[in-house]
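*Asks:* I'll drop the sequence and a predicted model, then ask my questions.
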Amino acid sequence: MSERRKLTLKDIAKELGISISTASRALKAHPDIAEETIQLVKDYAAKHNYVPNIIAVNFRKSRTKNIGLIVPELVHHFFSTVISGAIDEAKKSGYNILVSQSNDHLTDEIIACRTMMASSVDGLLISISNETFEGDHILEFVDEGKPVIQFDKVLEKLSIPQVIVDDFEGGYQATKHLIENGYSRIAHIAGRKDVLNACERLKGYKQALNDHQLPVLEEYIIHCESISEEEGEIFMDRLLALPNPPDAVFCITDLVALGVFKTLKKRAIRIPDQVAIVGFSNWKLAEIVTPSLTSVDQHGYKMGVEAIRMLIQKLDNKEYEIPEKIELKTALVIRESSVKST
């Protein structure tokens, strides 16, 4: 096979020490790219006889009407609502959704991406795994001329459009609500330190404490790894063992909050009179548990709808190179677990 057919945008980017998206924009003389970079990329491409991948050139003419969608978990209330919104919206434009899951592992995510590529999907929606810190496997779609939309968990370093919720505001409002209801020793069972949306929720929690002149105590902040019910149980036990245990807990997800529920009930600690709980995601279980769980609604269905709309717009009308962001507002759904009985 000739060099002409071997060379890809990824090859150019690696050789020149730039991102794939920068290489792509440079070849199109995008105004955001420095003139010297544009010339460098064009010179290298010309010297090595680079031509765009034939799929990238012709993808608009050879659509499959299939869109790939990759999530960390299928059996997850939030992601299932995202999938529902995406499917319903895609149907309106005659598209089908092919769904896969990464199990929150990078290796599985790469396999899922390659499988979607082999299936010739027209574009991709993806919520990255907790182990994804680069993104070459995602940028392969860009190299093929296929639009990608990130949602929920995203990589900021990629110049790829995204649909997210305002996680900072969600964390802020959850903590502020607890403060306004008389709680002052508020713990946060947080997400992973290296995941963007978890970091934003933690920042919101800290800001609310600062704004209300309450101390941010590091012993009240515990980071999950697997974001599981079991971690909720274990970490609540750890918090209760402190010399001055918390009187409220803001949890990274409702699943973690369920573990907190279990520990408190096992110890016969009254919710919310002795310890209040607020979750994040507003799963169906939030309405079922007793007392019912206050939670931050992420609007998963709407996120799926907006992500599909953005992707189809890219397919039909727009240049793909300009980064975009849609940020949905969260909503705090107040229930029994965070309001003391009178």
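*Replies:* Looks like it came in fine.
*Asks:* E140 should be in a helix, yeah?
*Replies:* Yes. Read with DSSP: H, G, I helix; E, B strand; the rest coil, E140 is one of the residues of a helix.
*Asks:* For the residue nearest to it when sequence neighbours are not counted, give me its contacts.
*Replies:* With sequence-adjacent residues excluded and distances taken as Cβ to Cβ, 6 or more residues apart in numbering, E140 is closest to M117, at 6.5 Å. Bear in mind the C-beta positions are built from the backbone N, C-alpha and C, glycine included. The neighbours of M117, taking Cβ atoms under 8 Å, 6 or more residues apart in numbering as the test, are E140, F141, E144.
*Asks:* how much space between M117 and D11?
*Replies:* As for M117, its distance to D11 is 17 Å (criterion: Cβ to Cβ, to the nearest Å).
*Asks:* Secondary structure element holding C113?
*Replies:* Per DSSP states H and E, C113 falls inside helix 106-118.
*Asks:* and if you look at E15?
*Replies:* Per DSSP H and E: helix 9-16 holds E15.
*Asks:* Name the residues of that helix that come out as buried.
*Replies:* Neighbour counts using 16 or more other Cβ atoms under 10 Å place L9, K10, D11, I12, A13, L16 of helix 9-16 among the buried residues.
*Asks:* Tell me which helix or strand the residue nearest to the fourth one when sequence neighbours are not counted sits in.
*Replies:* To tie it back to what came earlier, the one meant is I12. The spatial neighbour of I12 that comes closest, neighbours along the chain excluded (Cβ to Cβ, 6+ apart), is A23 at 4.8 Å. In this structure, A23 is located in helix 20-27 according to DSSP H and E.
*Asks:* Helix or strand next in line after that helix, which one?
*Replies:* Sequence order places helix 35-47 as the next helix or strand after helix 20-27, per DSSP H and E.
*Asks:* Quick one: list the elements packing against that next one.
*Replies:* If contacts are counted by 3 or more Cβ pairs under 8 Å, 6 or more residues apart in numbering; DSSP states H and E, helix 35-47 sits against helix 9-16, helix 20-27.
*Asks:* Mind giving me the packing neighbours of the helix or strand encompassing L332?
*Replies:* Using DSSP H and E, the secondary-structure element containing L332 is strand 331-333. Counting contacts by 3+ Cβ pairs under 8 Å, 6+ apart, the secondary-structure elements packed against strand 331-333 are helix 167-180, strand 294-297.
*Asks:* and the first one, which residues are buried?
*Replies:* This points to helix 167-180. Going by 16+ other Cβ under 10 Å, helix 167-180 has these buried residues: 167-179.
*Asks:* Closest to Q313 out of the residues you listed?
*Replies:* Within the buried residues of helix 167-180, the smallest distance to Q313 is 24.5 Å, found for D167 (Cβ to Cβ).
*Asks:* What is the burial count for the closest residue to that closest one other than its chain neighbours?
*Replies:* Nearest residue to D167, sequence neighbours excluded (Cβ to Cβ, 6+ apart): E200, at 3.6 Å. For E200, the number of neighbouring residues by other Cβ atoms under 10 Å comes to 20.
*Asks:* before we move on, what about K325?
*Replies:* Counted by other Cβ under 10 Å, the residues lying close to K325 total 12.
*Asks:* which residues sit in contact with V82?
*Replies:* V71, S127, F151, D152, G300, Y301, M303, G304, A307.
*Asks:* Quick check, pLDDT for it.
*Replies:* We note a pLDDT of 96 for V82 in this prediction.
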